[in-house]
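**Student:** with the input below, show me the fold.
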Amino acid sequence: MTTKLAGSFPVLPTPFCNDGTIDEPDFLAVIDFAIESGSDGVVYPGVASEVDTLTPEERRRQVVLLGERIAGRIPIVIGASDPDPKAAARHIAQAAAIGAAAAMVMAPLHLANDIAAQIAYFKEVSAGAGVPIMLQNQPKPIGAGLTPEEVAGIASAVPAIRYIKEETPPCGQHLTRIKAAANGSLEAIFGGAGGRYITDELARGAAGTMPASELADIHAALVHAWQQGDVKTARKLYSASLPLLNFQAIFRMHMTKEVLRRRGVIRNVFVRGKGPKFDDGDRAELAALIADADLPYKHHIPS
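**Tutor:** Model (predicted):
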């Protein structure tokens, strides 16, 4: 696909069975949920997919499954990050092979703010790439936490970089500064950070957002309302969903999977990744937050 990317692109989780193995039927159900939610595209695998816990074989298999299930219906952005440029290049090659719209590569933490080294890295991973590159700027300690001007400088030196996903706070200010420094040379800039700053990012010209998946229909409705000039509806959806996004910032994949389970999308909520787990009080609070939000779900109403 060569269409310019825009809209809501949820990052898909990796569902696991209770024994820790990948639950492929649940993964296919999540893909269907994203499409039926009106998402403009999907992202996989990313940090929210527990990508760092996947074996190379699992990662390749999941990307194949994703490409087959989507079958060209909406754009796919493949997460291709790896500190080893040769491994990242292999992920990018697989993205091109399945017809992805872009491959997303995080600026590596170990190269920090050595911009010459970052440029060399991105030139190596994108050499011969058959798909546009999206530079993901994650804050430390996951990513390099580049300044906006450094992001624009790397993109200027590596023509294959056509998109930016900016996640280093303050995200809105950084998006404005990247736009100014890039001076129209990029196709688009997306927001991330779980969608917690989405209205600020859209107001500053973001092409869209890449949140987690549990509110895919709400985020699609929010972004589409904004695109149609209905800012009031977009801001109303943002305000109503923000307490849930705030909870998600702490519990990450546990929250995503529990909400998807309550919405009847997946069966299992096993998480391989590290981080805080729910206790009974958290589950009760989540139930209260869902009830308080009273969101206009398109389908799969939470139980």
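**Student:** now the strands for the stretch 51-200 of the chain?
**Tutor:** Remark: strands assigned in the stretch 51-200 of the chain by DSSP state E, counting those that start in this stretch are 76-79, 102-106, 133-137, 161-166, 188-191.
**Student:** how about JSON lines for those, with distance to A152, mean neighbour count and mean pLDDT added?
**Tutor:** The C-beta positions use only the backbone N, C-alpha and C, and glycine is treated the same way. Converted to JSON lines, those look like this (distance: least, C-beta to C-beta, whole Å; neighbours: other C-beta atoms under 10 Å; pLDDT from 0 to 100):
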{"stretch": "strand 76-79", "distance to A152": "20", "mean neighbour count": "27", "mean pLDDT": "98"}
{"stretch": "strand 102-106", "distance to A152": "16", "mean neighbour count": "28", "mean pLDDT": "98"}
{"stretch": "strand 133-137", "distance to A152": "10", "mean neighbour count": "27", "mean pLDDT": "98"}
{"stretch": "strand 161-166", "distance to A152": "8", "mean neighbour count": "26", "mean pLDDT": "97"}
{"stretch": "strand 188-191", "distance to A152": "10", "mean neighbour count": "25", "mean pLDDT": "96"}
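**Student:** got those strands as a markdown table, with distance to A48 columns?
**Tutor:** Output for these, formatted as a markdown table (distance: least, C-beta to C-beta, whole Å):
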| stretch | distance to A48 |
| --- | --- |
| strand 76-79 | 10 |
| strand 102-106 | 12 |
| strand 133-137 | 12 |
| strand 161-166 | 12 |
| strand 188-191 | 14 |
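**Student:** could you find the closest non-adjacent residue to L111?
**Tutor:** Leaving aside its sequence neighbours, L111 sits nearest to A117 (C-beta to C-beta, 6 or more residues apart in numbering; 4.5 Å).
**Student:** what do you get for R235?
**Tutor:** T199 (5.7 Å).
**Student:** pretty sure the one you found is touching T233, no?
**Tutor:** No - counting by C-beta atoms under 8 Å, T199 does not reach T233; the two are 11.3 Å apart.
**Student:** higher neighbour count, these two?
**Tutor:** More crowded of T199 and T233, by other C-beta atoms under 10 Å: T199, with 21 against 16.
**Student:** per-residue pLDDT of that one, please?
**Tutor:** pLDDT recorded at T199 is 96.
**Student:** residues in contact with T53?
**Tutor:** Shown in contact with T53 (C-beta atoms under 8 Å, 6 or more residues apart in numbering): 14, 272-273.
**Student:** list buried residues within those residues.
**Tutor:** Among those, those scoring as buried are T14 (criterion: 16 or more other C-beta atoms under 10 Å).
**Student:** of all the contacts of T53, which comes closest to D40?
**Tutor:** Nearest to D40 among the contacts of T53: T14, at 21.3 Å, using C-beta to C-beta.
**Student:** and that closest one, what element?
**Tutor:** Assigned by DSSP states H and E, T14 belongs to no helix or strand.
**Student:** roughly how far does it sit from A216?
**Tutor:** As for T14, its distance to A216 is 16 Å (criterion: C-beta to C-beta, to the nearest Å).
**Student:** with G195 instead?
**Tutor:** 10 Å.
**Student:** just checking, what packs against the longest helix anywhere in the chain?
**Tutor:** Counting by DSSP state H, the longest helix found in the chain is helix 231-262. The contact analysis (3 or more C-beta pairs under 8 Å, 6 or more residues apart in numbering; DSSP states H and E) places helix 231-262 against helix 198-203, helix 216-227, helix 280-293.
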